[in-house]
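> how does the following fold in three dimensions:
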Amino acid sequence: MSKDEVVCVTGGSGYIGSWLVRLLLDRGYTVHATVKDLNDEKETKHLLALEGADSCLRLFQIDLLDYGSIVAAVTGTVGVFHLASPCTVDEVNDPEELLEPAVRGTQHVLTAAKELGVRRVVVTSSISAITPSPNWPADVVKREDCWTDVEYCKQVKLWYPLSKTLAEKAAWNLAKEKGLDVVVVNPGTVLGPILPPTINASMAVLLRLLQGCTEEYPDFYMGPVHVKDVALAHIMVYENKSATGRHLCVESISHFGDFAAKVAEMYPSYNVPRMPKDTQPGLLRAKNGSQKLMDLGLQFIPVEQIIKDAVESLRGKGYVM
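Got it, this is the predicted structure:
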């Protein structure tokens with residue numbers, strides 16, 4: 001299927017970004033993919049090796065805090081996928097290192113998109129902009145109308161969810177203020193085959209689990225999702241004019257304990273810890289948490305296949321034996 005359109009993917013060398021670039025090239029798009037350093041092969045080599053890259057991929061070096069570098073990448077495109085944002089589940093010493101690039105970077109990308117006449121912007125947010133939300137009613141499944149509690153994040157120093165929440169709110173404010181067509185994808189814990197040479201934060205969670213880590217991620221977890229489905233979700237909400245607002249993107253809403261038990265069952269040779277049943281207090285399980293994306297036609301890859309693809313990729317890359 002040939003689209004013959006030019007689109008920009010910020011954070012194109014990252015875990016989701018690489019998959020999105022790959023699927024866009026497969027569909028006949030011309031892609032402007034952004035990286036942090038054009039001279040770093042760890043960022044560029046796997047992208048340049050993608051099918052169609054030689055004729056339809058251009059790489060741009062950007063700094064999220066440098067508006068001019070973003071303008072160069074967005075110029076000549078009709079659609080923008082904004083993925084570039086710092087991501088971690090580890091402790092953060094300086095919150096501004098996460099907050100400033102996440103929020104100002106989003107403002108810069110959306111401003112450039114408006115100035116340059118871009119038709120639609122897809123912003124990659126996160127379930128971290130939906131949870132932690134301790135005041136959400138315990139008998140209601142968390143949906144797109146649920147937002148992370150900003151004050152709670154500040155109190156307990158959860159800087160990553162705070163960065164994703166403030167960045168997404170900035171995107172919606174700018175969209176309203178500038179009359180820009182914005183849609184958002186909120187992925188859960190993204191797992192599956194790794195295209196870049198380095199490991200991302202959510203695959204590191206699985207790796208630690210296989211190595212016996214007992215961390216439960218109470219404020220970070222809402223369910224797994226296959227990286228290919230996340231990339232597909234971005235394309236679907238971009239191409240479907242009817243797609244509006246936020247789109248929760250998880251195979252199912254589940255607890256980290258459920259996921260750990262499934263990994264332990266599938267891979268008994270690893271020292272996967274057993275966890276108390278409810279690792280995410282107050283989170284209601286649901287198979288159709290991502291109903292909006294299902295209604296657009298996305299059929300989610302089941303959790304068993306997500307785990308299998310992810311573990312095989314970790315093995316293939318030499319992270320586990």
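> where's residue 43, which helix or strand?
Assigned by DSSP states H and E, residue 43 belongs to helix 41-48.
> buried residues, whatever helix or strand comes next after that helix. List them.
Sequence-wise, the next helix or strand downstream of helix 41-48 (DSSP H and E) is helix 53-56. Using 16 or more other CB atoms under 10 Å as the burial criterion, the residues of helix 53-56 that qualify are 53, 56. Heads up, the C-betas are built off the backbone N, CA and C, glycines and all.
> stretch 257-265 now?
For stretch 257-265, burial by neighbour count (16+ other CB under 10 Å) applies to 257-264.
> pipe those residues into CSV and attach distance to residue 272, secondary structure and pLDDT per row.
Compiled in CSV, those are given as follows (distance: CB to CB, whole Å; DSSP: H, G, I helix; E, B strand; the rest coil; pLDDT from 0 to 100):
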residue, distance to residue 272, secondary structure, pLDDT
257, 11, helix, 97
258, 13, helix, 96
259, 10, helix, 97
260, 6, helix, 97
261, 8, helix, 96
262, 9, helix, 97
263, 5, helix, 97
264, 4, helix, 97
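> from these, pick the one nearest residue 10.
Nearest to residue 10 among the buried residues of stretch 257-265 is residue 259, at 29.2 Å by CB to CB.
> bridging across strands, which residues link to the residue lying closest to that closest one once chain neighbours are set aside?
With sequence-adjacent residues excluded and distances taken as CB to CB, 6 or more residues apart in numbering, residue 259 is closest to residue 224, at 5.9 Å. Following DSSP bridges, residue 224 is listed with bridge partners residue 189.
> residue 224 touches residue 303, doesn't it?
Yes: between residue 224 and residue 303 there is a contact under CB atoms under 8 Å: 6.0 Å.
> compare those two (neighbour count), which wins?
Each of residue 224 and residue 303 has its neighbours counted (other CB atoms under 10 Å); residue 224 has more, 29 against 22.
> and the residue nearest to residue 259, how far is that from residue 124?
From residue 224 across to residue 124, the span is 17 Å (CB to CB, to the nearest Å).
> now residue 254
As defined by CB to CB, residue 254 lies at a distance of 21 Å from residue 124.
> re earlier: please list all residues in contact with the residue nearest to residue 259.
Neighbouring residues of residue 224 by CB atoms under 8 Å, 6 or more residues apart in numbering: 188-191, 250-251, 254, 259, 303, 306-307.
> check residue 304 too.
By CB under 8 Å, 6+ apart, the contact set of residue 304 is 262, 266.
> gap between it and residue 250?
Separation of residue 304 from residue 250 (CB to CB): 15 Å.
> again with residue 160
Applying CB to CB, the value for residue 160 to residue 250 is 17 Å.
> residue 81 too?
Distance from residue 81 to residue 250, by CB to CB: 19 Å.
> neighbour count winner among these two?
It is residue 81, of residue 81 and residue 250, that has more neighbours when counted by other CB under 10 Å, with 31 against 26.
> and the contacts of the helix or strand where that one lies?
Assessed by DSSP H and E, residue 81 sits inside strand 79-82. With contacts defined as CB under 8 Å, 6+ apart, strand 79-82 is touched by 5, 7-11, 17, 20, 74, 105-106, 109-110, 113, 118-124, 171, 234, 238.
> can you give me the helices for the protein?
15-26, 41-48, 53-56, 67-74, 95-115, 150-155, 159-178, 201-210, 227-239, 256-266, 291-295, 303-316 (DSSP state H).
> which elements pack onto the fifth one?
Counting contacts by 3 or more CB pairs under 8 Å, 6 or more residues apart in numbering; DSSP states H and E, helix 95-115 is packed against helix 67-74, strand 79-82, strand 120-124, helix 159-178.
> if I take it and helix 67-74, what angle do their directions form?
For helix 95-115 against helix 67-74, the angle by axes from the mean of the first three to the mean of the last three CA atoms, to 10 degrees is 50 degrees.
> helix 159-178 and helix 95-115, what's the angle between them?
20 degrees.
> buried ones in helix 95-115, by neighbour count?
By neighbour count on 16+ other CB under 10 Å, the buried set for helix 95-115 is 95, 98-99, 101-103, 105-114.
> all set, thanks.
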